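Asks: no letters, just coordinates:
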């Protein structure tokens, strides 16, 4: 993946204040794949003290979106048309890691998935899977 | 809806630190329906400056979850098994309002929907619809 | 809704051999809404003897698709980009009725819902809800 | 996988008359995975002459369901609580093949995926991905 592609994704990520609020980092980007990590901050919990579904969703959705964006021209942005999340296990541990991937690239629609793992003491637990559709929009 | 039911939902809501981070309020609760409002805070934006899908999702999911919880015994909590969001319009305006409703109550699974509107100068725009499944769990 | 719009939808429906195999009928069409009915044929059952999820899905998806098509120019067809179904109750009774509706029209994406009811001795049971995205394509 | 497990799945499949109507075959079963194939019969088409989404859905949903059933005791059946399908390409070719897999086993909920490929002259095209939730029920 070339530098211009990488740079525009880093800039887009930096422009998402929600990622900053959640403490999320863009861990890696490759063609059709993006990885975001996030701590489980004290301000991002649900009522049982685990990470909120909104946290898991936010990083899963963003990882899927950036995976899609890597496949698009530099004058495109991407928005989520729809996405579904299945929550498999409580979001607890040292941090979360969302891996987004492109299932089917396209000019009008890009089908994407994401997996979100919780990492605790080096052990990984799959806490959510997402399946959705991204739509290119002009910058 | 009796007071005990109302109180446990208010307590559960207050225990979700993510709701506090997003500035969300539990606006109303009735049997099988819950309404949550939230501002579009500077720290909850996506890269184009609109409310992040994670914000819309968080309040939609929570409104749907509390709609489900109103139908359950007092010794139950509820977790999201899965939920899908279709995003219809940018989340921009004075604030967002999520209305969760129960489509089908149940002891094992509760099917729920939510609609999220953006309110700007008194005009409402439907920005997202959600359809999901909640699962009762012991407190 | 004008006759040309109605006619092209009736012709599209007639061209779906799957509808014929399932015994489905286009019951009514109005702007942004379509209703399809179907018997629960002996050849459309699942392993417990109820209507197969594939039957419920097929008429729900088609009703949603035709609801979308009513909003599009005459030189458009529509295909399903994605759709989710929540199954609420066994598909049993005298027949099924799927009501598709447009949630959000659009030139690129049309967000749709459908409800499928089972009718038995005049009583209606909601057996499924669907939420999906249709995409216009040239005829 | 033991013979009793295999046999009950073959019997359940044979009891689904919809599979017979669609010409579908249970191609293989392994622990947490099931493969179903189906021709694209003249009676299973949509309005453009491709395989109907209801066909793709039916075999994808069933493959996912049987993948789930392999993980359950012999006195269980399984029903679909919800499932989402993203359609990626027209269902055209010599036949379709649906591969269902278990993402997360469980006593109350089993999260599943399926991929549906179209095979034409030995070449495979991914035409759909599904993500859903199965629920065990007593036989």
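Replies: Nice, thanks for sending it over. Worth saying up front: this structure is predicted, and the values here are computed from it rather than measured.

Asks: C-alpha only now, for contacts and for neighbours.
Replies: Fine.

Asks: quickly note the distance from the nearest residue to residue A:88 once chain neighbours are set aside to residue C:94.
Replies: Among residues not flanking residue A:88 along the chain, residue A:127 sits closest, at 4.8 Å (Cα to Cα, 6 or more residues apart in numbering or on different chains). Using Cα to Cα, to the nearest Å, residue A:127 is found at 42 Å from residue C:94.

Asks: follow-up on the earlier one: I figured the residue nearest to residue A:88 hits residue A:99, correct?
Replies: No: judged on Cα atoms under 8 Å, residue A:127 makes no contact with residue A:99 at a distance of 11.9 Å.

Asks: with neighbour numbers in mind, choose between residue A:127 and residue C:94.
Replies: residue A:127 (23 against 15; other Cα atoms under 10 Å in any protein chain shown).

Asks: any residues touching the helix or strand containing that one, and which ones?
Replies: Assigned by DSSP states H and E, residue A:127 belongs to strand A:123-138. Residues outside strand A:123-138 that contact it (Cα atoms under 8 Å, 6 or more residues apart in numbering or on different chains): A:56, A:60-61, A:65, A:68-69, A:72, A:75-91, A:107-119, D:86, D:131.

Asks: cool, stretch A:65-84 as well?
Replies: Contacts of stretch A:65-84 (Cα under 8 Å, 6+ apart): A:4-6, A:8-9, A:29-34, A:61, A:100-102, A:105, A:107, A:110-112, A:130-139, B:53, B:82-88.

Asks: can you do 7 Å?
Replies: The contact list for stretch A:65-84 (Cα atoms under 7 Å, 6 or more residues apart in numbering or on different chains) reads A:5, A:9, A:31-34, A:100-102, A:110, A:112, A:130-139, B:83-87.

Asks: model confidence over it, on average?
Replies: The average pLDDT within stretch A:65-84 is 96.

Asks: and that stretch, end to end?
Replies: End-to-end span of stretch A:65-84 (Cα to Cα): 13 Å.

Asks: which helix in chain A has the most residues?
Replies: Looking across chain A with DSSP state H, the single longest helix is helix A:53-69.

Asks: now the angle from the helix or strand following it to strand D:76-87?
Replies: Downstream of helix A:53-69, the first helix or strand assigned by DSSP H and E is strand A:76-87. Relative orientation of strand A:76-87 versus strand D:76-87 (axes from the mean of the first three to the mean of the last three Cα atoms, to 10 degrees): 180 degrees.

Asks: quick one: strand A:76-87 to strand B:123-138, angle?
Replies: 30 degrees.

Asks: partners of strand A:76-87, with directions?
Replies: Partner strands and pairing direction for strand A:76-87 (DSSP bridges) are strand A:123-138 (antiparallel), strand B:76-87 (antiparallel).

Asks: can you list the buried residues in stretch A:124-139?
Replies: Burial within stretch A:124-139, assessed by neighbour count using 16 or more other Cα atoms under 10 Å in any protein chain shown, is assigned to A:125, A:126, A:127, A:128, A:129, A:130, A:131, A:132, A:133, A:134, A:135, A:136.

Asks: again, but for stretch A:31-49
Replies: Buried residues in stretch A:31-49 (16+ other Cα under 10 Å): A:31-41, A:43-47, A:49.

Asks: again, but for stretch A:88-100
Replies: For stretch A:88-100, by 16+ other Cα under 10 Å, it's A:88, A:90, A:91, A:92, A:93, A:95, A:96, A:97, A:98, A:99, A:100.

Asks: interface residues of chain A facing chain B?
Replies: A:12-13, A:15-18, A:21, A:43-47, A:52, A:54, A:57-58, A:80-87 (Cα under 7 Å from any Cα of the partner chain).

Asks: buried subset of these as a ChimeraX selection?
Replies: To isolate the buried members of the residues of chain A next to chain B in ChimeraX, using 16+ other Cα under 10 Å:
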select /A:13,15,16,17,18,21,43,44,45,46,47,52,54,57,58,80,81,82,83,84,85,86,87
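
Asks: and residue A:88, its phi and psi?
Replies: phi -110, psi -30 (degrees, to the nearest 10).

Asks: and residue A:24, by the same measure?
Replies: phi -80, psi 150.

Asks: in space, what's closest to the residue nearest the centre of chain A - neighbours in sequence excluded?
Replies: For chain A, the residue nearest the mean C-alpha position is residue A:63 (2.1 Å; Cα atoms, centre = their mean). Distances taken as Cα to Cα, 6+ apart place residue A:100 nearest to residue A:63, at 4.5 Å, with adjacent residues excluded.

Asks: ok, now residue A:99?
Replies: Per Cα to Cα, 6+ apart, closest to residue A:99 is residue A:35, 4.5 Å.

Asks: give me the three-state assignment for the one you found.
Replies: Under DSSP: H, G, I helix; E, B strand; the rest coil, residue A:35 falls in the strand class.

Asks: can you check residue A:118 too?
Replies: strand.

Asks: these two touch, right, it and residue A:91?
Replies: Yes: between residue A:118 and residue A:91 there is a contact under Cα atoms under 7 Å: 6.1 Å.

Asks: residue B:92 versus the residue nearest to residue A:32 when sequence neighbours are not counted, what's the distance?
Replies: Closest residue to residue A:32 apart from its sequence neighbours, by Cα to Cα, 6+ apart: residue A:67 at 4.5 Å. Distance, residue A:67 to residue B:92, using Cα to Cα: 25 Å.

Asks: equivalent analysis for residue A:17, please.
Replies: 15 Å.

Asks: before we move on, what about residue A:132?
Replies: 22 Å.

Asks: need the contact partners of stretch A:97-116.
Replies: In contact with stretch A:97-116 (Cα under 7 Å, 6+ apart) are residues A:32-38, A:56, A:59-60, A:63-64, A:67-68, A:96, A:117-118, A:126-136, D:88.

Asks: touching, residue A:120 and residue A:94? I think so.
Replies: Yes: between residue A:120 and residue A:94 there is a contact under Cα under 7 Å: 5.0 Å.

Asks: who's in contact with residue A:92?
Replies: Going by Cα under 7 Å, 6+ apart, the list of residues near residue A:92 reads A:50, A:51, A:118.

Asks: confidence score at the first one?
Replies: For residue A:50, the pLDDT comes out at 97.

Asks: the last one too?
Replies: Residue-level confidence at residue A:118 comes out at 98, pLDDT.

Asks: dig out what it forms beta bridges with.
Replies: residue A:96, residue A:125.

Asks: can you report how many residues lie near it?
Replies: Neighbourhood size, residue A:118 [other Cα under 10 Å]: 27.

Asks: then the second one?
Replies: Counted by other Cα under 10 Å, the residues lying close to residue A:51 total 27.

Asks: I'd say it and residue A:91 touch.
Replies: Yes: between residue A:51 and residue A:91 there is a contact under Cα under 7 Å: 4.8 Å.

Asks: now do the host helix or strand of residue A:98, average pLDDT.
Replies: Using DSSP H and E, residue A:98 sits in strand A:95-104. The average pLDDT for strand A:95-104 rounds to 98.

Asks: quick one: it to strand A:123-138, angle?
Replies: 50 degrees.

Asks: mind listing what residue A:59 touches?
Replies: A:36, A:98.

Asks: quick one: residue A:113 is in a strand?
Replies: Yes: per three-state DSSP, residue A:113 lies within a strand segment.

Asks: and it, how many neighbours?
Replies: 27.

Asks: can you check the one 3 residues further on too?
Replies: Taking other Cα under 10 Å as the neighbour definition, residue A:116 ends up with a count of 29.

Asks: how close does it get to residue A:28?
Replies: Residue A:116 is 15 Å from residue A:28, by Cα to Cα.

Asks: what does residue A:54 give?
Replies: Distance from residue A:54 to residue A:28, by Cα to Cα: 22 Å.

Asks: repeat that for residue A:46.
Replies: 28 Å.

Asks: what's the answer for residue A:103, then?
Replies: From residue A:103 to residue A:28 the distance is 18 Å (Cα to Cα).

Asks: those two - which one has more neighbours?
Replies: A side-by-side neighbour count of residue A:103 and residue A:28, using other Cα under 10 Å, places residue A:103 first with 22 against 14.
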